[in-house]
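K.L.:
build me a model:
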Amino acid sequence: MNNVKQKLYTIHDAVMRPTPFALWARPRASEINARRTRLLGDDNEVIWDIKKDGYGVSDHIEMAGFLASAIISYGNDKEGRLRLMRHLTVPTLRFKPNLTGSSFSHNFNGDCAVIKANGKKIKEYPEQISIKGNLKITSNADFGTKIVRELLPAVNQCALIEAVTVSNTSGIACNYEVSSKGYSKKTNNFWCVGGSITAECSVVFYDTLKSSEPCRREYRLKPKESFTFYCVYFAYQNRMSEFSIKDEIEARRSFVDEMFGSLRLKTPFPELDAQFSHCILRGSESIFKTKNGLMHAPGGGNYYAALWTNDQCEYANPFFPFSGYAAGIEQSINCYSLYEAYMDKSDKPMKDKRALVTSIIAEGTDYWNGAGDRGDGEMYAYGISRFLLEMSDTKLIERFWDSLVWCLDFALSRKNQNGVISSDSDELENRFESGNANLFTSCITYDALGNAAVLAEIIGDDAHKQLWIKERCALKTAIEKYFGSKVEGFDTYRYYDGNKDLRSWICMPLTVEIFDRVDETIKALFSPNLYNNGMMKSTSANNTTWDRSLLFALRGVFLAGKANIGMKETLNYCKNRLLGSHCPYPFEAYPEGNRAHLAAESLLFARIITEGLFGLKAVGLNQLRIQPQLCDTCPEISLQNIRLFSKCFDISADEKGITVFYNGNTYHTNSHCAVFDFNNCLFEDF
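P.N.:
The predicted structure follows:
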């Protein structure tokens, strides 16, 4: 980035981009583990009995449709009155300069509408806040009034919808008035790509959204009667589009139902089953329509209409074949396709070629590569090799074959004299030291080589199959020799040459099924050096926590066959996320990012269940390894509506073995580790 562009970006960031979280919704370090009176209600709804937790408490949540995302800060003030701030982001509307964080965003503070009862403005005191995709706030108000606010993103519009229902809970009739002065703010044309952008809030009494303007309406309610109106927060360029609010509400509710019904987990633990469903929703909703097709994006107030080799290629995309979510699969293919333009296909020797870029930004029109080579080609290879096996579509394999070969050729060209893979940094982008060769990059390369060898066998490329099997074997030996080490008293792994402190990414060998140091590694991961109160530090030398490494670690513990530990710590995680101080999704980091609900982290949790608890892994064309991890507290599990290989089937496991329900038939094996071949509909030993 040149100096002029950097100065513009700095000015733009300070002046134009509002903070996505209200100041009162930023907890101090002493508050991040505060107890909250939350419980799991009917139909997987998370309910916060906020009135029991006193005054001055708060939280925030992100939710998204195809064209906009919203972060809602919510809670009560020191007198118990409702606090709300609505942060709207529209990724297809862009600020200048058009960089990673240049999606248009706007904060809507306070109330768009004034509600009066018997001529006096009423105050709202929230009593119950519930979440199941949408955010619903139920408040008692003055004059025997109950107000329910349901906030939800429009699915196909650049809007956040707030449905407000006012009910008379007193014993006498009451006169109500709803009024709005209208709200509209236009951004100066100088700061916008393609012309000025307008942010508005409209109060709507019927169904069709129209431009914001002053309005007023009166109601007389008898006891137990109610009325509903809508506050719609939206943004547009050139001209706004009218749309049916009820149609958008129905579309969002249908989406929520689809996500909660897509993959259905059943264990003895309702909170685990619910966390899984909530995570599928959050991980699936953050997909945006852009000028270059559908793009999954992290969110968090900063990262939209953009792709990363870790968040998307590596974390999120390998999950979507499990749920079969059509938009998720479409954007995965689009994601891998867009990265192909940044693969150096020049005639230079591979060792001299440019690394794959880290991020494709601004609706696919530019890129960011500020941390050098993070192992991005290796992340791409890891993700696409798993995705292609899970899809089991030979045409799709052939479509991406050259790109997979390029990434693995690049990775192998970066082997150092010790046989491990070099990179400039890792996926934490120099926040913490990673040396010239780190454990993360070598582990994902090891996994990609194994999956790619299976793909090579499927399409009949024996030369690459044999090469990758040989390189994978050599890399495993090199990982043990180079990274295996005693660190802080544990016989585990150093993260890089010279590393003296424990790092959370020592979990990586477990996630790719290298179990040479499993016991000591698990002890180190969940020792007080790294782990406390359901949070895992990135390094024992620093209190910064990132959920992603903890989510990898939990998956690795199950894969290592340590089901009792895995279930104990996964349930502890659910207690701290689904029903804890900041709910209901996994979050990115603290203190960085104010624990933003980044979308890919939710799919990392989902992969704890699919790949960890159930041990599901595509190991051939339409061939699925199943290795359930049962334990004393969880002797029976089932997963319904799995969509791998573009099929639909259920799996259950108990002490008697594994059962697959497919195409109206039941198939059973007494084994707890087997491959089910969908080509011939039979179990094979593994």
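K.L.:
ok, residue 415 - contacts?
P.N.:
With contact taken as Cβ atoms under 8 Å, 6 or more residues apart in numbering, residue 415 is in contact with 421-422. Where C-beta positions appear, they are placed from N, C-alpha and C, glycine not excepted.
K.L.:
give me the phi and psi angles of it.
P.N.:
For residue 415, the backbone dihedrals (degrees, to the nearest 10) come out as phi -60, psi 130.
K.L.:
residue 396: neighbouring residues, count only.
P.N.:
15 (other Cβ atoms under 10 Å).
K.L.:
did I read that right, it in a helix?
P.N.:
Yes: counting by DSSP: H, G, I helix; E, B strand; the rest coil, one finds residue 396 located in a helix.
K.L.:
that one and residue 388 touch, don't they?
P.N.:
Yes: the criterion here is Cβ atoms under 8 Å, and residue 396 meets it with residue 388 at 6.1 Å.
K.L.:
quick check: closest non-adjacent residue to residue 423.
P.N.:
residue 375 (4.2 Å; Cβ to Cβ, 6 or more residues apart in numbering).
K.L.:
for residue 402, see how far away the one you found is.
P.N.:
Between residue 375 and residue 402 the computed distance is 20 Å (Cβ to Cβ, to the nearest Å).
K.L.:
same question, residue 512
P.N.:
Distance of residue 512 to residue 402, given as Cβ to Cβ: 24 Å.
K.L.:
these two: who's more crowded?
P.N.:
When residue 512 is set against residue 402 and neighbours are counted by other Cβ under 10 Å, the residue ahead is residue 512, at 22 against 12.
K.L.:
verify the stated contact: the more buried one with residue 448.
P.N.:
No: no contact is recorded between residue 512 and residue 448 when judged using Cβ under 8 Å, the distance being 9.1 Å.
K.L.:
and residue 536, how many neighbours?
P.N.:
Taking other Cβ under 10 Å as the definition, residue 536 ends up with a neighbour count of 23.
K.L.:
what helix or strand does residue 274 sit in?
P.N.:
The secondary structure element spanning residue 274 is helix 270-285 (assigned by DSSP states H and E).
K.L.:
can I get the CA coordinates of that helix in PDB?
P.N.:
As requested, C-alpha coordinates have been extracted for helix 270-285 and formatted as PDB (Å, rounded to 0.1, in the frame of the first residue of the first chain):
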ATOM      1  CA  PRO A 270     -29.200 -30.800  25.000                       C
ATOM      2  CA  GLU A 271     -26.700 -28.000  25.300                       C
ATOM      3  CA  LEU A 272     -24.300 -29.700  23.000                       C
ATOM      4  CA  ASP A 273     -27.000 -30.500  20.500                       C
ATOM      5  CA  ALA A 274     -28.200 -26.900  20.600                       C
ATOM      6  CA  GLN A 275     -24.700 -25.400  20.300                       C
ATOM      7  CA  PHE A 276     -24.100 -27.500  17.200                       C
ATOM      8  CA  SER A 277     -27.300 -26.100  15.600                       C
ATOM      9  CA  HIS A 278     -26.600 -22.500  16.500                       C
ATOM     10  CA  CYS A 279     -23.100 -22.800  15.100                       C
ATOM     11  CA  ILE A 280     -24.400 -24.200  11.800                       C
ATOM     12  CA  LEU A 281     -26.700 -21.200  11.500                       C
ATOM     13  CA  ARG A 282     -24.000 -18.600  12.300                       C
ATOM     14  CA  GLY A 283     -21.400 -20.300  10.100                       C
ATOM     15  CA  SER A 284     -23.900 -20.500   7.200                       C
ATOM     16  CA  GLU A 285     -25.600 -17.100   7.300                       C
END
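K.L.:
doesn't residue 427 make contact with the residue nearest to residue 423?
P.N.:
Yes: under the contact definition of Cβ under 8 Å, residue 375 touches residue 427, with a separation of 7.3 Å.
K.L.:
more neighbours: these two, which one.
P.N.:
residue 375 (33 against 27).
K.L.:
next, the contact list for that one, please.
P.N.:
By Cβ under 8 Å, 6+ apart, the contact set of residue 375 is 421, 423, 426-427, 438, 440-441, 444-445.
K.L.:
can you say which of those are buried?
P.N.:
Of the members of these, the ones counted as buried by neighbours, 16 or more other Cβ atoms under 10 Å, are 421, 423, 426-427, 438, 440-441, 444-445.
K.L.:
can I get the residues you listed in JSON lines with secondary structure and pLDDT?
P.N.:
Output for these, formatted as JSON lines (DSSP: H, G, I helix; E, B strand; the rest coil; pLDDT from 0 to 100):
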{"residue": "421", "secondary structure": "strand", "pLDDT": "98"}
{"residue": "423", "secondary structure": "coil", "pLDDT": "97"}
{"residue": "426", "secondary structure": "coil", "pLDDT": "94"}
{"residue": "427", "secondary structure": "coil", "pLDDT": "92"}
{"residue": "438", "secondary structure": "coil", "pLDDT": "98"}
{"residue": "440", "secondary structure": "helix", "pLDDT": "98"}
{"residue": "441", "secondary structure": "helix", "pLDDT": "98"}
{"residue": "444", "secondary structure": "helix", "pLDDT": "98"}
{"residue": "445", "secondary structure": "helix", "pLDDT": "98"}
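K.L.:
pLDDT wise, what is the residue sitting nearest the centre point of the chain at?
P.N.:
With distances taken as Cα atoms, centre = their mean, the chain has residue 599 as the residue nearest its mean C-alpha position (1.8 Å). According to the per-residue confidence, residue 599 scores 98 in pLDDT.
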